[in-house]
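1. predicted model follows, preceded by the sequence.
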There are 2 protein chains.
Amino acid sequence: MASNTSTWQNLGKAKLDSINNSIPSKWRLSSIPSIEEQRDVTSSFIHSCGLSKQEIDITETDAVGIVEKTTNGKWTAEEVTVAFCHRASLAHQLTNCLHEAFFDAAIEDAKRLDKYYAENKAPIGPLHGLPVSLKDQFHVKGVETTMGYIGWIGTFMGKKGTGQEKVFESEMVKELRALGAVLYCKTSVPHTLMAGETVNNIIGYTTNPKNRNLTCGGSSGGEGALIGLKGSPVGFGTDIGGSIRIPAAFNGLYGIRPSSGRLPYEGMANSMDGQNSVLSVVGPLATSARSLRLVIKALLSQQPWLHDPLVHEIPWREDQEKEALDLMKNSKLTFGIYKNDGIVTPHPPVQRALDIAVKTLEKMGHKVIEWKPPSHKRGIDIIAKIWMFDGGVDLHSSLGLAGEPMAEQVQALYGSAPIEPLNATKIAEVNIAKREYQKEYMEYWNSTKDQTGTGRPIDAILMPLAPFAAARPTKYKYLGYSAIVNTLDYTSCIVPVTNIDKNVDVVDKNFKPFGEQDKDIAADYDPEIYEGAHVAVQLVGRRLQEEKVLAMAEQLGNEIARSR
Amino acid sequence: MASNTSTWQNLGKAKLDSINNSIPSKWRLSSIPSIEEQRDVTSSFIHSCGLSKQEIDITETDAVGIVEKTTNGKWTAEEVTVAFCHRASLAHQLTNCLHEAFFDAAIEDAKRLDKYYAENKAPIGPLHGLPVSLKDQFHVKGVETTMGYIGWIGTFMGKKGTGQEKVFESEMVKELRALGAVLYCKTSVPHTLMAGETVNNIIGYTTNPKNRNLTCGGSSGGEGALIGLKGSPVGFGTDIGGSIRIPAAFNGLYGIRPSSGRLPYEGMANSMDGQNSVLSVVGPLATSARSLRLVIKALLSQQPWLHDPLVHEIPWREDQEKEALDLMKNSKLTFGIYKNDGIVTPHPPVQRALDIAVKTLEKMGHKVIEWKPPSHKRGIDIIAKIWMFDGGVDLHSSLGLAGEPMAEQVQALYGSAPIEPLNATKIAEVNIAKREYQKEYMEYWNSTKDQTGTGRPIDAILMPLAPFAAARPTKYKYLGYSAIVNTLDYTSCIVPVTNIDKNVDVVDKNFKPFGEQDKDIAADYDPEIYEGAHVAVQLVGRRLQEEKVLAMAEQLGNEIARSR
């Protein structure tokens, strides 16, 4: 049992202090305004927190813009790294978004890159000098991985004395380093990873920097808040039900959930590891779609299939990308619009965002048809069963290591104690149901060939990512819109669309709910509380269509931004 | 309970009669010689069983040779189909290799193809008029799928009144038809599919046509016997532990186990469906390596990833194939030779076949280095656990439908009754162990870069497929050499090497067994009984390297054949 000095509270507090102490004192803020005083801490607010003109210039540049300058010597890796360390320090103080900050090591790495550049007159790789943030599932030497569990502090995923602590690095970390990226921080997650908000007993709650009344999303929530504040140009999260897309959407970012087997998950910490019916996938979030492409293309150039047994040998396909861009340019695409799953109706601002996206596509000359797929409820029920295969044993036992309580946001899914795990026969039944659902959905997709007039089925689905623009704390009540994509293993990219305007996005007085759940979630929308929040849509392509989906998302996002 | 007239024995006998009655009377043999009279029923023996000169010409031509003639009108689909129906009829009478024969439907299909050709002066597809045999897991309209289970007779996979009976077709069946293939028979399997021999309570035992003392292999055993007798130019089997490669090797054929996700399994019957830790895969067996390439390339042209949610979007990669062929031609490849797994020592003829293959590669100018991978025992133990995830519930309940007994060859793995299925937590542990093993093996493979002198790691592993050239009935006692490839999900192609010569392949008097199992299996080798049997090796490439592995297997096999 824990002694007085090692209660979970004390252990969590000590870790929190150590995180906060890793912020250099020169960058500490003397006070943080209350939410009432300053709801939105992005843009001009954070600029006023001590950033220099040059630091603002650097951190307001997207990843592609940064590597343009670091790979031709215009910016040093060091100055770029310092700028992002500074801004990340501010972001953490404003939102609680970091689990680990290792700025000294990052600056040393940056200096080595600058030395390399000086000696070779060439960058070390396509990501030379690019700061990249990582969700706290990646193992990085020199720091630990807690994933928000107090029981993992000072261990390697809950085990002591493995010899791996602070030494082992995840596969993608090695690849990012080889490409020239600079790693400098790891970001907050909800413990267990199974929540659309970010909360744990170490750092507490991570808020949404655009509207601190709201969650930054989860489970890659720290990434969302950090990149939303431009404390990172690009970072990596993971997604088994929406965990990349939710924080991307809630923070006005692009974020892609690739299909499983495209990017290397090898050597990362995870929840319920070994559950292989719906795999968690890793993917980037960034301030621009082209930044997502930059890092994915760079990672694929490392041939991750030679180092991760679950990655398929599919290099970046320039031809697929070019074909999509040509079709986009020539207004030859067809989109399926899916506005409502018949279970939970999207809040008014989400409906408006969908309308904006549809009108933009139509203005661009593309065709938009109604999407009437096989029951989403069926697909959502399947993944809900898969998340419960082990009855919550893994999550509860990880929390049990330190005797800490489960956050109520996770309890909503996993209860207060584990239940009996499913057996192989039941699991096989779910796997068959999933495959049959995927087959049926795919054949529905194929069948739209007759409606598009292009000779092809639709090119992508446009749909909500969630029924809300962001959730209010403890009110992330429905994962259906994001999780259906995981059941299908489709590729989905978040496209930022607009921000909530309380005068436009008013409550629909004539709203007729489908049932209690719908009514309950509708009641959570309050224009006053939501004012200013980011609103996004997701663009869903078929399995392993990352090149095509990114090309479409970028063009659509650019056109929406131009029209704002 | 079964009534007197519907005992499993009666039901099985009725089905057997119906199979045998589907052989046209004009093609029936008046007598079959005993094994003692005629051990080898291939080649000149079967030629003497009533085949015409033209039928022999056609059936001695490989699939590539056949489509050369059917796609330019030199042979009609009908004459080719009739020739193979005739020879398949003989093959069945000699070895018991068919579960379904639907020659009339095939000849009708062939006539339609001929009509198409006459009208369009062009073939309907790259497999125009090519007869293709199918393991009895494929659903084909007009006939049933029993998979050797008496309880499946008159049902759709054990269920009555589904409306799918004799109507539903598996995805690959549709694709083969679209490519112009002619389907005409389904081949025998061991009930449950989990055996290296082919035996069930309907057709009894399928023998090896080259040496009827021995098994044709399993579980795609009917395919092996049929193609071994040239009653089919190319056919499809499945493999979750060796089931394509075993019958290919035992019958002097080429056969490839692709990695999972390359070819469409959608809509096929299976055992333990829904177990997704090691997926059964589908792949072809044929008399030449180029025939395997023909059908795989043709299937991939159908974009199976649009109709099977588990197939990856990886078209046939001409560039990978060309690169491999160039390296092969320029003697730039390196092979890892793995002669013995330290558990069961290959019989003398298998050792000799490996030596022949090594010497041939060296003569071709390639380098051969010793392969010292992570413990195969570890990898084999993992797949053995996976096969037992459900404790045998599925297999025993399928047999229980008719109350029929499990063959002793299957009981060796699954016992006489089911045991408790594993739960999700235990399954997850096995999945992690498997991934870790795959990772370790892949990094060992990568590490050979320093030994090859080519700048690349080894290009393929050369190893035994089994410790025996073929097993004697009930003596298929060790699956380690084939099953390790399934654990790793590697691509493996069988290359026929030689035949047993009792004067050369003598018992090794100085043999020192590793233990009781090794001693027991060594004792099963008897040169007198084995005389004449085919001996093969397997060439194992990395995951999803089908193009490269086929190119290497073809070149090696051709060179071995030239030197014989």
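-> Everything's here; your move. Residues are numbered from 1 along each chain as shown, chains lettered A, B, ... in the order given.

2. excluding its backbone neighbours, what's nearest the residue of the stretch 151-300 of chain A found nearest chain B?
-> Minimum separation of the stretch 151-300 of chain A from chain B (CB to the nearest CB) falls at A:Gly274, amounting to 2.8 Å. Glycine gets a C-beta too; all of them are placed from N, C-alpha and C. Take A:Gly274 and drop its neighbours on the chain: the residue closest to it by CB to CB, 6 or more residues apart in numbering or on different chains is B:Ala428, 2.8 Å away.

3. dump the residue contacts of that neighbour.
-> Neighbouring residues of B:Ala428 by CB atoms under 8 Å, 6 or more residues apart in numbering or on different chains: A:272-276, A:389-390, A:394.

4. got the contact list for the residue of the stretch 151-300 of chain A closest to chain B?
-> B:427-432.

5. filter those residues down to the buried ones.
-> The neighbour count (16 or more other CB atoms under 10 Å in any protein chain shown) marks B:427-428, B:430-431 as buried among the contacts of A:Gly274.

6. could you single out the nearest of the contacts of A:Gly274 to chain A?
-> B:Ala428 (2.8 Å).

7. in the helix or strand A:Gln555 falls within, which residues are buried?
-> Using DSSP states H and E, A:Gln555 maps to helix A:546-563. Within helix A:546-563, the residues scored as buried using 16+ other CB under 10 Å are A:546-557, A:560.

8. who does the helix or strand containing A:Ile256 touch, helix- and strand-wise?
-> For A:Ile256, the host element (DSSP H and E) is strand A:254-257. Judged by 3 or more CB pairs under 8 Å, 6 or more residues apart in numbering or on different chains; DSSP states H and E, strand A:254-257 is in contact with helix A:245-250, strand A:281-286, helix A:289-300, strand A:491-499, helix A:546-563.

9. just the CA trace of the first one, in PDB.
-> Only the C-alpha atoms of helix A:245-250 are listed here, as PDB (Å, rounded to 0.1, in the frame of the first residue of the first chain):
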ATOM      1  CA  ARG A 245      -9.600  14.100 -35.400                       C
ATOM      2  CA  ILE A 246     -11.400  15.400 -32.300                       C
ATOM      3  CA  PRO A 247      -8.600  17.600 -31.100                       C
ATOM      4  CA  ALA A 248      -7.900  18.700 -34.700                       C
ATOM      5  CA  ALA A 249     -11.500  19.700 -35.200                       C
ATOM      6  CA  PHE A 250     -11.900  21.400 -31.800                       C
END
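
10. so which elements touch it?
-> helix A:221-228, strand A:254-257, helix A:480-488, strand A:491-499, strand A:534-541.

11. partners of the shortest one, with directions?
-> Paired neighbours of strand A:254-257 in the sheet (DSSP bridges): strand A:281-286 (antiparallel), strand A:491-499 (antiparallel).

12. mind listing residues that contact it?
-> By CB under 8 Å, 6+ apart, the residues outside strand A:254-257 that reach it are A:237, A:239, A:242, A:244-245, A:247-249, A:281, A:283-289, A:291-292, A:296, A:485-486, A:491-496, A:546, A:549-550, A:553, A:557.

13. switch to 7 Å and redo it
-> A:239, A:244-245, A:248, A:281, A:283-286, A:288-289, A:292, A:485, A:491-496, A:546, A:549-550, A:553, A:557 (CB atoms under 7 Å, 6 or more residues apart in numbering or on different chains).

14. with the fourth one instead?
-> Outside strand A:491-499, the residues that touch it by CB under 7 Å, 6+ apart are A:245, A:248-249, A:252-259, A:352-353, A:356-357, A:465, A:485, A:532-541, A:543-546, A:549-550, A:553, A:556-557, A:560.

15. re the thing from before, could the strands paired with strand A:254-257 be laid out in JSON lines, adding mean pLDDT?
-> Formatted as JSON lines, the strands paired with strand A:254-257 follow (pLDDT from 0 to 100):
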{"stretch": "strand A:281-286", "mean pLDDT": "98"}
{"stretch": "strand A:491-499", "mean pLDDT": "98"}
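
16. and the ones you listed as a markdown table, adding distance to B:Ile19 and mean neighbour count?
-> A markdown table is the format used below for the strands paired with strand A:254-257 (distance: least, CB to CB, whole Å; neighbours: other CB atoms under 10 Å in any protein chain shown):
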| stretch | distance to B:Ile19 | mean neighbour count |
| --- | --- | --- |
| strand A:281-286 | 47 | 28 |
| strand A:491-499 | 47 | 27 |
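
17. got those as TSV, with distance to A:Pro190 columns?
-> As requested, the strands paired with strand A:254-257 are exported to TSV (distance: least, CB to CB, whole Å):
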stretch	distance to A:Pro190
strand A:281-286	16
strand A:491-499	19
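
18. now do the SS call for the residue in the stretch 401-550 of chain A that chain B sits nearest to.
-> Nearest to chain B, among the residues of the stretch 401-550 of chain A, is A:Ala428, at 2.8 Å (CB to the nearest CB). The three-state assignment at A:Ala428 reads helix, by DSSP: H, G, I helix; E, B strand; the rest coil.

19. got it, and the one 5 residues further on?
-> Counting by three-state DSSP, the backbone at A:Ala433 sits in helix.

20. quick check: closest non-adjacent residue to it.
-> A:Ile382 (5.6 Å).

21. can you give me the helices for the stretch 301-450 of chain A?
-> Taking DSSP state H, counting those that start in this stretch as the test, the helices found in the stretch 301-450 of chain A are A:318-329, A:348-363, A:376-387, A:393-400, A:408-414, A:424-447, A:449-452.

22. select, out of the ones you listed, the one closest to B:Asn208.
-> Nearest to B:Asn208, of all the helices of the stretch 301-450 of chain A, is helix A:424-447, at 33.6 Å by CB to CB.
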